[in-house]
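>>> Output the structure for:
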Amino acid sequence: MERLLVIGASGLLGNKLIQLGKDRFEMSGTYKEHAIKSGGMHFLDVSDMRSALKVIDKVKPDCVIDTHALSNLDYCEAHPEEAWRVNVEGSKNVAEACKKQGSKYIFISTDDVFDGKKLRYTEKDKPNPVNYYGKTKLIMEYALSALDMNYIVARTAVLYGTGGLGKSSFATWLIQRLRSKEKVRIVTDQRNNPTLTDNLAEFLFKLYEKDESGLFHITGKESMSRYDFSKEIARAFGLDASLITPITTPELNQIAPRPGNVNLVSEKAERATGLRTLTVREGLSIFKKQVA
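Numbering: from 1, shown residues only. Prediction:
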(Lines give C-alpha, C1' and ligand atoms only; values in the text may rest on other atoms or scores of the structure.)
Protein backbone atom coordinates (compact mmCIF):
# COMPACT_ATOMS: atom_id res chain seq x y z
CA MET A 1 0.00 0.00 0.00
CA GLU A 2 1.41 3.39 -0.98
CA ARG A 3 2.25 5.89 1.74
CA LEU A 4 0.71 9.38 1.72
CA LEU A 5 1.70 12.13 4.15
CA VAL A 6 -0.63 15.08 4.73
CA ILE A 7 0.99 18.29 5.95
CA GLY A 8 -1.57 20.10 8.10
CA ALA A 9 -3.68 17.06 8.99
CA SER A 10 -5.61 18.96 11.67
CA GLY A 11 -6.98 21.48 9.17
CA LEU A 12 -10.23 21.32 7.20
CA LEU A 13 -8.81 19.80 4.01
CA GLY A 14 -6.01 17.87 5.72
CA ASN A 15 -8.40 16.16 8.10
CA LYS A 16 -10.71 15.20 5.21
CA LEU A 17 -7.80 13.72 3.27
CA ILE A 18 -6.86 11.56 6.26
CA GLN A 19 -10.47 10.38 6.64
CA LEU A 20 -11.08 9.58 2.98
CA GLY A 21 -7.66 8.15 2.18
CA LYS A 22 -7.27 5.58 4.95
CA ASP A 23 -8.91 2.73 3.02
CA ARG A 24 -6.76 3.11 -0.09
CA PHE A 25 -3.42 4.42 1.21
CA GLU A 26 -1.22 4.17 4.28
CA MET A 27 -2.01 7.62 5.65
CA SER A 28 0.18 9.76 7.91
CA GLY A 29 -0.14 13.40 8.87
CA THR A 30 1.52 16.33 10.57
CA TYR A 31 0.28 18.96 12.98
CA LYS A 32 1.70 21.97 14.77
CA GLU A 33 -0.75 23.86 17.00
CA HIS A 34 -3.58 21.32 17.15
CA ALA A 35 -2.16 18.01 18.36
CA ILE A 36 -3.69 14.82 16.99
CA LYS A 37 -3.51 11.89 19.41
CA SER A 38 -3.53 8.98 16.98
CA GLY A 39 -1.07 6.76 15.17
CA GLY A 40 0.84 8.07 12.19
CA MET A 41 0.74 11.70 13.31
CA HIS A 42 3.91 13.76 13.64
CA PHE A 43 4.69 17.23 14.98
CA LEU A 44 6.11 19.47 12.25
CA ASP A 45 7.23 23.08 12.18
CA VAL A 46 7.46 23.70 8.44
CA SER A 47 9.65 26.76 8.96
CA ASP A 48 12.38 24.46 10.34
CA MET A 49 14.12 22.65 7.49
CA ARG A 50 15.58 20.05 9.83
CA SER A 51 12.11 19.23 11.13
CA ALA A 52 10.78 18.76 7.58
CA LEU A 53 13.71 16.52 6.62
CA LYS A 54 13.31 14.45 9.79
CA VAL A 55 9.58 13.79 9.37
CA ILE A 56 9.77 12.95 5.68
CA ASP A 57 12.82 10.74 6.18
CA LYS A 58 10.95 8.89 8.95
CA VAL A 59 7.70 8.40 7.02
CA LYS A 60 9.29 7.89 3.58
CA PRO A 61 6.05 8.83 1.79
CA ASP A 62 5.37 8.11 -1.86
CA CYS A 63 3.42 11.38 -1.96
CA VAL A 64 3.08 14.44 0.27
CA ILE A 65 -0.05 16.61 0.10
CA ASP A 66 0.78 19.99 1.61
CA THR A 67 -2.36 21.70 2.93
CA HIS A 68 -0.70 23.97 5.49
CA ALA A 69 -0.94 27.73 5.05
CA LEU A 70 -1.37 31.02 6.80
CA SER A 71 -4.54 31.79 4.85
CA ASN A 72 -6.26 34.71 6.61
CA LEU A 73 -5.93 37.39 3.97
CA ASP A 74 -6.01 40.35 6.35
CA TYR A 75 -3.54 38.74 8.76
CA CYS A 76 -1.13 38.02 5.91
CA GLU A 77 -1.41 41.60 4.70
CA ALA A 78 -0.62 42.92 8.18
CA HIS A 79 2.10 40.34 8.96
CA PRO A 80 3.98 39.82 5.67
CA GLU A 81 7.15 38.43 7.27
CA GLU A 82 5.25 35.68 9.05
CA ALA A 83 3.20 34.94 5.93
CA TRP A 84 6.41 34.61 3.91
CA ARG A 85 8.00 32.33 6.52
CA VAL A 86 5.00 29.97 6.61
CA ASN A 87 3.66 30.08 3.06
CA VAL A 88 6.88 30.37 1.08
CA GLU A 89 9.82 29.22 3.20
CA GLY A 90 7.76 26.55 4.97
CA SER A 91 6.36 25.12 1.76
CA LYS A 92 9.79 25.23 0.12
CA ASN A 93 11.27 23.29 3.05
CA VAL A 94 8.68 20.56 2.62
CA ALA A 95 9.13 20.51 -1.17
CA GLU A 96 12.92 20.22 -0.91
CA ALA A 97 12.60 17.42 1.65
CA CYS A 98 10.27 15.65 -0.79
CA LYS A 99 12.76 16.07 -3.60
CA LYS A 100 15.53 14.58 -1.45
CA GLN A 101 13.31 11.62 -0.51
CA GLY A 102 11.97 11.14 -4.05
CA SER A 103 8.36 11.80 -2.96
CA LYS A 104 5.75 13.42 -5.18
CA TYR A 105 4.70 16.82 -3.80
CA ILE A 106 1.15 18.20 -4.09
CA PHE A 107 0.91 21.89 -3.22
CA ILE A 108 -2.46 23.48 -2.43
CA SER A 109 -2.68 26.96 -3.94
CA THR A 110 -5.48 29.48 -4.30
CA ASP A 111 -7.69 31.48 -6.63
CA ASP A 112 -6.17 34.56 -4.98
CA VAL A 113 -3.30 34.37 -7.47
CA PHE A 114 -5.68 36.19 -9.88
CA ASP A 115 -6.92 39.78 -9.88
CA GLY A 116 -10.54 39.02 -10.76
CA LYS A 117 -10.64 41.08 -13.95
CA LYS A 118 -11.65 38.19 -16.24
CA LEU A 119 -14.88 36.22 -16.39
CA ARG A 120 -13.20 32.78 -16.33
CA TYR A 121 -9.69 31.60 -15.49
CA THR A 122 -7.95 28.52 -16.85
CA GLU A 123 -4.47 27.26 -16.04
CA LYS A 124 -3.17 29.19 -19.07
CA ASP A 125 -4.18 32.61 -17.72
CA LYS A 126 -1.48 34.85 -16.29
CA PRO A 127 -1.71 35.33 -12.50
CA ASN A 128 -1.76 38.79 -10.96
CA PRO A 129 -2.46 38.65 -7.21
CA VAL A 130 -3.83 41.77 -5.50
CA ASN A 131 -3.14 40.69 -1.90
CA TYR A 132 -0.07 39.42 -0.06
CA TYR A 133 -1.52 35.96 0.60
CA GLY A 134 -1.99 35.43 -3.12
CA LYS A 135 1.54 36.65 -3.75
CA THR A 136 3.05 34.14 -1.33
CA LYS A 137 1.19 31.28 -3.00
CA LEU A 138 2.21 32.39 -6.48
CA ILE A 139 5.85 32.77 -5.46
CA MET A 140 5.79 29.20 -4.16
CA GLU A 141 4.25 28.02 -7.44
CA TYR A 142 7.16 29.62 -9.30
CA ALA A 143 9.67 28.15 -6.83
CA LEU A 144 8.30 24.67 -7.50
CA SER A 145 8.74 25.03 -11.24
CA ALA A 146 12.41 25.80 -10.61
CA LEU A 147 13.03 22.84 -8.28
CA ASP A 148 13.01 20.18 -11.02
CA MET A 149 10.89 17.69 -9.09
CA ASN A 150 7.68 15.66 -9.40
CA TYR A 151 4.88 17.97 -8.25
CA ILE A 152 1.28 19.09 -8.68
CA VAL A 153 -0.08 22.55 -7.95
CA ALA A 154 -3.80 22.47 -7.16
CA ARG A 155 -5.51 25.86 -7.06
CA THR A 156 -8.81 25.86 -5.20
CA ALA A 157 -11.27 28.25 -3.52
CA VAL A 158 -13.76 28.75 -0.64
CA LEU A 159 -13.44 25.34 0.99
CA TYR A 160 -16.30 23.98 3.07
CA GLY A 161 -16.90 20.62 4.71
CA THR A 162 -16.73 18.77 8.01
CA GLY A 163 -13.66 18.04 10.11
CA GLY A 164 -10.60 19.97 11.16
CA LEU A 165 -9.53 21.23 14.58
CA GLY A 166 -8.73 24.83 13.70
CA LYS A 167 -10.86 27.70 12.46
CA SER A 168 -14.32 27.07 11.02
CA SER A 169 -15.01 27.32 7.31
CA PHE A 170 -17.23 30.14 6.10
CA ALA A 171 -20.16 27.73 5.67
CA THR A 172 -19.84 26.32 9.20
CA TRP A 173 -19.51 29.82 10.66
CA LEU A 174 -22.65 30.96 8.82
CA ILE A 175 -24.70 27.94 9.90
CA GLN A 176 -23.76 28.55 13.54
CA ARG A 177 -24.77 32.21 13.32
CA LEU A 178 -28.09 31.55 11.59
CA ARG A 179 -28.97 28.75 14.02
CA SER A 180 -28.37 31.26 16.83
CA LYS A 181 -30.72 33.71 15.06
CA GLU A 182 -27.89 36.21 14.62
CA LYS A 183 -27.91 38.71 11.78
CA VAL A 184 -24.95 38.57 9.40
CA ARG A 185 -23.65 40.92 6.73
CA ILE A 186 -22.33 39.21 3.61
CA VAL A 187 -20.72 40.75 0.53
CA THR A 188 -22.38 40.68 -2.87
CA ASP A 189 -19.33 41.73 -4.89
CA GLN A 190 -16.88 38.88 -4.20
CA ARG A 191 -17.47 35.86 -6.45
CA ASN A 192 -15.67 32.52 -6.20
CA ASN A 193 -16.29 28.79 -6.64
CA PRO A 194 -17.37 27.17 -3.35
CA THR A 195 -15.60 23.81 -3.08
CA LEU A 196 -16.60 20.79 -0.98
CA THR A 197 -13.49 19.29 0.63
CA ASP A 198 -14.68 15.74 -0.14
CA ASN A 199 -14.76 16.53 -3.86
CA LEU A 200 -11.35 18.22 -3.79
CA ALA A 201 -9.81 15.32 -1.86
CA GLU A 202 -11.08 12.79 -4.40
CA PHE A 203 -9.53 14.80 -7.25
CA LEU A 204 -6.18 14.99 -5.44
CA PHE A 205 -6.10 11.24 -4.84
CA LYS A 206 -7.02 10.51 -8.44
CA LEU A 207 -4.41 12.90 -9.85
CA TYR A 208 -1.80 11.12 -7.74
CA GLU A 209 -2.97 7.66 -8.78
CA LYS A 210 -2.83 8.65 -12.44
CA ASP A 211 0.68 10.09 -11.93
CA GLU A 212 -0.33 13.50 -13.25
CA SER A 213 1.90 16.52 -12.75
CA GLY A 214 1.79 20.27 -13.23
CA LEU A 215 -0.92 22.86 -12.60
CA PHE A 216 -4.62 22.15 -12.06
CA HIS A 217 -7.65 24.19 -11.06
CA ILE A 218 -9.94 22.18 -8.77
CA THR A 219 -13.03 23.94 -7.44
CA GLY A 220 -16.78 23.59 -7.35
CA LYS A 221 -18.48 23.92 -10.71
CA GLU A 222 -20.30 27.21 -10.07
CA SER A 223 -19.06 30.70 -9.39
CA MET A 224 -21.31 32.79 -7.17
CA SER A 225 -21.14 35.71 -4.78
CA ARG A 226 -20.55 35.04 -1.11
CA TYR A 227 -24.04 36.47 -0.51
CA ASP A 228 -25.68 34.03 -2.95
CA PHE A 229 -23.68 31.16 -1.45
CA SER A 230 -24.99 32.18 1.97
CA LYS A 231 -28.56 32.10 0.70
CA GLU A 232 -27.98 28.62 -0.72
CA ILE A 233 -26.60 27.45 2.64
CA ALA A 234 -29.66 28.85 4.42
CA ARG A 235 -31.96 27.10 1.93
CA ALA A 236 -30.16 23.76 2.25
CA PHE A 237 -30.26 23.80 6.06
CA GLY A 238 -33.75 25.28 6.44
CA LEU A 239 -32.43 28.43 8.11
CA ASP A 240 -33.77 31.99 8.04
CA ALA A 241 -32.24 33.73 5.01
CA SER A 242 -33.77 37.06 6.06
CA LEU A 243 -31.02 37.28 8.70
CA ILE A 244 -28.50 37.72 5.85
CA THR A 245 -27.97 41.35 4.87
CA PRO A 246 -26.26 42.14 1.54
CA ILE A 247 -23.35 44.58 1.68
CA THR A 248 -20.41 45.54 -0.53
CA THR A 249 -16.71 44.98 0.13
CA PRO A 250 -15.85 48.64 0.91
CA GLU A 251 -18.30 48.53 3.83
CA LEU A 252 -16.15 45.91 5.57
CA ASN A 253 -12.97 48.01 5.60
CA GLN A 254 -10.85 44.89 5.12
CA ILE A 255 -7.07 45.27 5.24
CA ALA A 256 -6.26 43.06 2.25
CA PRO A 257 -7.62 43.84 -1.22
CA ARG A 258 -9.95 41.19 -2.63
CA PRO A 259 -10.28 40.19 -6.28
CA GLY A 260 -13.88 40.81 -7.24
CA ASN A 261 -14.70 37.90 -9.53
CA VAL A 262 -12.53 34.78 -9.73
CA ASN A 263 -14.17 31.88 -11.55
CA LEU A 264 -11.69 29.00 -11.85
CA VAL A 265 -12.37 26.51 -14.64
CA SER A 266 -11.66 22.91 -13.60
CA GLU A 267 -12.08 21.22 -16.99
CA LYS A 268 -8.41 20.15 -17.20
CA ALA A 269 -8.65 18.29 -13.88
CA GLU A 270 -11.95 16.69 -14.93
CA ARG A 271 -10.39 15.42 -18.15
CA ALA A 272 -7.31 14.10 -16.36
CA THR A 273 -9.23 12.23 -13.66
CA GLY A 274 -12.57 11.33 -15.22
CA LEU A 275 -14.20 12.88 -12.14
CA ARG A 276 -16.84 15.62 -12.02
CA THR A 277 -16.81 18.81 -9.98
CA LEU A 278 -19.96 19.45 -7.95
CA THR A 279 -22.54 22.21 -8.15
CA VAL A 280 -23.20 24.18 -4.97
CA ARG A 281 -26.48 22.38 -4.33
CA GLU A 282 -24.86 18.98 -4.86
CA GLY A 283 -22.05 19.86 -2.48
CA LEU A 284 -24.36 21.28 0.16
CA SER A 285 -26.54 18.17 -0.01
CA ILE A 286 -23.52 16.02 0.91
CA PHE A 287 -22.38 18.53 3.53
CA LYS A 288 -25.79 18.60 5.19
CA LYS A 289 -25.82 14.82 5.63
CA GLN A 290 -22.42 15.01 7.31
CA VAL A 291 -23.35 17.89 9.64
CA ALA A 292 -26.86 16.67 10.53
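>>> What pLDDT is listed against residue 119?
Residue 119 is assigned a predicted lDDT (pLDDT) of 89.
>>> What of residue 36?
Confidence at residue 36, expressed as pLDDT, is 72.
>>> ok, and it, which helix or strand is that part of?
Secondary structure assignment for residue 36, by DSSP states H and E: no helix or strand.
>>> Repeat that for residue 148.
Using DSSP H and E, residue 148 falls outside every helix and strand.
>>> Just list the residues touching it, thanks.
Going by C-beta atoms under 8 Å, 6 or more residues apart in numbering, residue 148 touches residue 99. To be clear about C-beta, it is placed using only N, CA and C from the backbone, and glycine gets the same treatment.
>>> Could you verify that residue 182 is part of a strand?
No: according to DSSP: H, G, I helix; E, B strand; the rest coil, residue 182 belongs to no strand; its state is coil.
>>> quick one: the closest residue to it other than its chain neighbours from residue 71, how far?
Leaving out its chain neighbours, the residue that sits closest to residue 182 by C-beta to C-beta, 6 or more residues apart in numbering is residue 243, at 6.8 Å. According to C-beta to C-beta, to the nearest Å, residue 243 and residue 71 sit 26 Å apart.
>>> So these two - more neighbours on which side?
Per other C-beta atoms under 10 Å, whichever of residue 243 and residue 71 has more neighbours is residue 71, with 20 against 16.
>>> if you skip the residues just before and after it, what's nearest to the more buried one?
Residue 71's closest residue in space is residue 133 (C-beta to C-beta, 6+ apart), at 6.5 Å.
>>> which element is the one you found on?
For residue 133, the element it lies in under DSSP H and E is helix 132-146.
>>> what angle sits between the helix or strand that that helix is followed by and helix 132-146?
Downstream of helix 132-146, the first helix or strand assigned by DSSP H and E is strand 151-156. Here the directions of strand 151-156 and helix 132-146 differ by 160 degrees (axes from the mean of the first three to the mean of the last three C-alpha atoms, to 10 degrees).
>>> helices or strands up against strand 151-156?
Packing partners of strand 151-156 (3 or more C-beta pairs under 8 Å, 6 or more residues apart in numbering; DSSP states H and E): strand 104-110, helix 132-146, helix 197-209, strand 214-217.
>>> Of these, give the one that comes closest to residue 273.
Closest to residue 273 of these is helix 197-209 (C-beta to C-beta; 4.0 Å).
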